[in-house]
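>>> Pasting the sequence and the predicted model now:
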Amino acid sequence: QVQLVESGGGLVQPGGSLRLSCAASGLMFSIQTMGWYRQAPGKQRELVAAVSSDGSTNYAESLKGRFTISRDNTKRTVSLQMDSLKPEDTAVYYCNAGIQRTIVSAVKEYWGQGTQVTVSS
């Protein structure tokens, strides 16, 4: 069974930093795009950043320069370094990955359980 497990959320003061990590486990043939989404109370889930299997990245325009996404294909992990955090970054952050379980399988989207990030003084 494929699982995505996040870690690294918590409470941080405005201007601080946090690093989120997500590890994929289970039997799989390949991982395509990996990314992070977030959902604040009363708002829709939105893309934060994504990284493809070849390393190309895509960021929400408003977060460029503060957030950095990276992945380790050997360890099957994706990380999100968040700097200069603001109260409006408070949300549940979800890991997302497109995973092909076998060589003949279609790519399926998987989600982690979410990790809370709270930016407050």
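Right, received. Where do you want to start? Residues are numbered from 1 along each chain as shown.

>>> Would you check that Arg66 makes contact with Ser84?
Yes. With contact defined as Cβ atoms under 8 Å, Arg66 counts as touching Ser84 (4.9 Å). C-beta: built from backbone N, CA, C; applies to glycine.

>>> shared neighbours of these two, which are they?
With contacts taken as Cβ atoms under 8 Å, 6 or more residues apart in numbering, Arg66 and Ser84 have no neighbour in common.

>>> and Arg19, that one's in a helix?
No. Counting by DSSP: H, G, I helix; E, B strand; the rest coil, one finds Arg19 to be strand, located in no helix.

>>> Looking at it now. What's its pLDDT?
Here, the pLDDT recorded for Arg19 equals 98.

>>> these two touch, right, it and Asp83?
No. Contact criterion Cβ under 8 Å: Arg19 and Asp83 do not qualify, at 9.5 Å.

>>> What are the neighbouring residues in contact with the nearest residue to Val78 once chain neighbours are set aside?
Spatial nearest neighbour of Val78, chain neighbours left out: Met34 (4.0 Å); criterion: Cβ to Cβ, 6 or more residues apart in numbering. Applying Cβ under 8 Å, 6+ apart, we find Met34 in contact with 22, 24, 50-51, 71, 78, 95-98.

>>> No more questions from me, cheers.
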